[in-house]
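>>> predicted model and sequence follow; I will ask about them next.
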Amino acid sequence: MHSSRFTYNITRAYPYRWVTPLVLIGGIVAIVVITLINVATAGYDLVSTSTINPNQTVAQENADGADKLLSYFGRKTKSVCAPTALPINSEVFTTNYAIPYTLSSVWRQSDDGSRKNLGSLIYHNNELRDCNVTEVSIQVLGKYGQTELLSARSRVGLLLKSNATCAVHIDTSQSQSDTTSGPTYFNLIGSYNLIDDSLPHFLLRNATERASLYWGESLLRIYWLITSKAYFDGASSFPWGSDGTYSASIQLRRQSKAAKGSADEVKSDEFFSVSCFTEASYCGNNTIPWLSQGKGVEGHDFDPYATIWRPVDYLGKAMWFTILTDLGQNDTAVPNMLAYPDLLAYLSRNLTNEVQFWDSLESTDPNDRSRGSVLQTDRSLETAPFDPSAVPQPMLGAPLNFLSTTYICQVPRPKAAATRVFAILIADLVLLQAVWTVFKLVLDFILERNNPTLKYCEGCKESYIHQSAGSVGDLSTGTPADMTSYKPVGQIEEHVIG
């Protein structure tokens with residue numbers, strides 16, 4: 001008989017009753033578990049996608065019950081979104097899309113109280129906390145401060161800028177480079193210019209769902225026009241304003257140093273501390289009532305343009321509280337005048353008069369420059385004061401808000417059906433073979449430890465019976481001395497010369 005180089009193993013039935021049911025039941029369980037694992041690990045691909053709402057993206061992708069079960073077996077069935085890094089000087093909106101901001105600085109407070117400056121803000125849809133406006137500036141843009149197109153729209157342009165500080169709580173427990181505890185702080189510079197299309201504003205106007213921002217936009221627009229007109233008239237009465245105004249700067253800060261302000265404070269015309277520089281003068285006083293008395297009154301020799309300060313007060317407050325509303329703050333240092341009916345009614349009490357005044361300036365003469373602007377009132381905005389007794393009341397307030405930015409997410413997508421089935425089948429076969437091999441090794445070990453003679457084949461026993469008369473009985477209790485002279489090799493038994 002030909003003897004091949006390849007061999008096969010000798011097999012014998014296991015002498016235990018429990019082996020067959022164990023293999024059947026365990027095999028079914030192993031097939032189910034291994035298939036679930038392989039579906040999770042080999043049946044999906046992670047696909048990169050971008051989103052502006054990572055919480056919603058993750059919730060939608062993980063909503064299915066089957067996917068939620070599979071997520072315990074593999075990362076490829078879980079949707080994850082990475083934080084985004086906002087470098088300093090990044091331009092961002094909040095999710096209200098009302099005012100554009102520039103990120104000017106980022107820092108954290110060390111445990112010893114020192115400030116640790118950072119080059120970017122690591123942000124992952126964190127709620128904006130403890131936001132507070134520290135300054136509103138009004139940059140008057142004269143004939144050399146804006147383009148000819150903008151000057152054609154308004155002889156006096158106004159660029160409003162706000163400085164606000166916010167905090168976000170970011171988990172840095174997994175970071176090896178940043179172990180500083182506590183919130184991350186950052187400064188946002190908001191910008192508003194009614195006539196500059198490069199500064200988009202109030203992109204989601206909604207009088208019901210975003211009522212406070214809607215009123216903020218209404219007040220900002222009308223008082224931008226009134227303040228521009230007042231400055232144009234004031235400058236035109238002086239020689240330098242006869243052929244166009246020059247640029248100027250007005251800074252408005254909170255007058256009180258109290259940690260918590262009141263409704264009376266925000267309603268007061270002394271809410272702001274003012275500093276300014278104009279073409280030929282500067283503010284010798286720092287409150288709206290004093291500045292409104294004008295140059296020439298005793299103690300006010302350096303106060304310019306007395307008629308601009310009342311609209312400046314309203315314009316500054318409109319910007320101040322619009323920023324707080326956009327950042328989701330109702331009560332931080334002071335009450336938000338756009339978030340409470342009584343305060344909003346007070347802030348808008350002159351709205352009808354201002355709109356009527358601006359409409360009265362409109363002229364049919366194209367050469368009439370007395371208005372200083374070609375802009376008209378926007379009838380889609382509010383033109384009358386807020387009525388706190390009206391029913392139903394709009395939803396005033398500033399809910400917690402977030403920065404709007406783009407996140408890169410990885411979401412699971414099933415492979416093509418044929419590819420998926422083939423990949424799972426191959427993986428099942430490999431793992432089931434591995435489980436079966438381990439099971440046999442363990443069972444063989446137990447068998448040989450309990451009865452070492454069972455590792456010999458039946459032919460070995462029969463051969464020994466014929467060659468060693470009467471000694472076969474010893475095979476059931478142990479390994480006889482003569483039996484050790486045989487070893488099985490494949491299907492062939494060879495006698496070993498000791």
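Happy to help now that I have it.

>>> regarding the chain, what is its longest helix?
Across the chain, the longest stretch assigned as helix under DSSP state H is helix 417-450.

>>> what about residue 59, which SS state?
Assigned with DSSP: H, G, I helix; E, B strand; the rest coil, residue 59 falls in the helix class.

>>> elements contacting the longest helix of the chain?
If you count contacts as 3 or more C-beta pairs under 8 Å, 6 or more residues apart in numbering; DSSP states H and E, helix 417-450 packs onto helix 19-42. Every C-beta, even on glycine, is put in place using the N, C-alpha and C of the backbone.

>>> who are the contact partners of residue 348?
Neighbouring residues of residue 348 by C-beta atoms under 8 Å, 6 or more residues apart in numbering: 215, 218, 219, 382, 385, 386.

>>> thought residue 214 was touching residue 378?
No. Using C-beta atoms under 8 Å as the test, residue 214 is too far from residue 378 to be in contact (11.5 Å).

>>> higher neighbour count, these two?
Neighbours were counted for residue 214 and for residue 378 using other C-beta atoms under 10 Å; residue 214 has more, 23 against 15.

>>> how about the secondary structure of the more buried one?
Applying three-state DSSP: residue 214 is helix.

>>> quick check: chain neighbours aside, which residue is closest to it?
Closest residue to residue 214 apart from its sequence neighbours, by C-beta to C-beta, 6 or more residues apart in numbering: residue 207 at 4.7 Å.

>>> quick check, that neighbour in contact with residue 217.
No. Assessed by C-beta under 8 Å, residue 207 is found out of contact with residue 217, at 9.9 Å.

>>> quick check: residue 403 vs residue 266, distance?
Going from residue 403 to residue 266 by C-beta to C-beta, to the nearest Å gives 26 Å.

>>> who has more neighbours out of these two?
residue 403 (25 against 21).

>>> so the more buried one makes contact with residue 124?
No. Residue 403 is beyond contact range of residue 124, at 10.2 Å (criterion: C-beta under 8 Å).

>>> can you map out the helices along the stretch 1-150 of the chain?
19-42, 54-61, 65-70, 148-153 (DSSP state H, counting those that start in this stretch).

>>> now for the second one, which elements pack on it?
Spelled out, that is helix 54-61. strand 80-81, strand 407-414.

>>> nearest spatial neighbour of residue 19, skipping sequence neighbours?
Closest to residue 19 by C-beta to C-beta, 6+ apart is residue 443, at 7.2 Å.

>>> CA atoms only: put stretch 347-361 into PDB for me.
In PDB, the C-alpha atoms belonging to stretch 347-361 read as follows (Å, rounded to 0.1, in the frame of the first residue of the first chain):
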ATOM      1  CA  LEU A 347     -36.300 100.700  25.900                       C
ATOM      2  CA  SER A 348     -38.700 100.900  23.000                       C
ATOM      3  CA  ARG A 349     -41.000 103.700  24.300                       C
ATOM      4  CA  ASN A 350     -39.900 106.200  21.700                       C
ATOM      5  CA  LEU A 351     -39.900 103.800  18.700                       C
ATOM      6  CA  THR A 352     -43.000 105.300  17.000                       C
ATOM      7  CA  ASN A 353     -41.700 108.800  17.200                       C
ATOM      8  CA  GLU A 354     -38.300 107.800  15.800                       C
ATOM      9  CA  VAL A 355     -39.800 105.900  12.900                       C
ATOM     10  CA  GLN A 356     -42.100 108.800  12.100                       C
ATOM     11  CA  PHE A 357     -39.200 111.200  12.300                       C
ATOM     12  CA  TRP A 358     -37.100 109.200   9.800                       C
ATOM     13  CA  ASP A 359     -40.000 108.800   7.400                       C
ATOM     14  CA  SER A 360     -40.600 112.600   7.500                       C
ATOM     15  CA  LEU A 361     -37.000 113.200   6.200                       C
END
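
>>> tell me the mean pLDDT over it?
Mean per-residue pLDDT for stretch 347-361: 93.

>>> and for stretch 257-270?
94.

>>> which of the contacts of residue 348 fall within helices?
215, 218, 219.

>>> list the buried residues for stretch 201-213?
Judged by neighbour count using 16 or more other C-beta atoms under 10 Å, the buried positions of stretch 201-213 are 201, 202, 207, 210, 211, 212, 213.

>>> what does that stretch contact?
Residues outside stretch 201-213 that contact it (C-beta under 8 Å, 6+ apart): 93, 96-100, 192, 214, 217, 322, 325-326, 336, 338-339, 344, 380, 394-398.

>>> could you check the pLDDT of the residue nearest the centre of the chain?
Residue closest to the mean C-alpha point of the chain, counted by C-alpha atoms, centre = their mean, is residue 125 at 2.1 Å. For residue 125, the model assigns a pLDDT of 91.

>>> got a list of what it touches?
Here residue 125 is in contact with 53, 54, 55, 402, 407 (C-beta under 8 Å, 6+ apart).

>>> farthest pair within those residues?
Of all pairs drawn from these, the greatest distance, 11.3 Å, lies between 402 and 407 (C-beta to C-beta).

>>> let me see the ranges of the strands in the stretch 251-400 of the chain.
Counting by DSSP state E, counting those that start in this stretch, the stretch 251-400 of the chain has strands at residues 272-277.

>>> below-threshold pLDDT in it: ranges please.
295-303, 363-370 (pLDDT under 70).

>>> go again using 90 as the cut-off
Across the stretch 251-400 of the chain, the ranges flagged by pLDDT under 90 are 276-287, 290-307, 331-332, 359-377, 390-393.

>>> please apply the same query to the stretch 1-150 of the chain.
Along the stretch 1-150 of the chain, segments meeting pLDDT under 90 span 1-20, 22-23, 27, 33-82, 109-115, 142-150.

>>> residue 253: which of the ones in helices among the contacts of residue 348 is nearest?
residue 219 (19.9 Å).

>>> tell me where the stretch 101-250 of the chain has strands.
Here the stretch 101-250 of the chain has its strands, by DSSP E, counting those that start in this stretch, at 101-109, 115-118, 120-123, 129-141, 157-168, 184-192, 248-254.

>>> those: which one's closest to residue 20?
Short answer: strand 120-123, nearest of the strands of the stretch 101-250 of the chain by C-beta to C-beta, at 59.1 Å.
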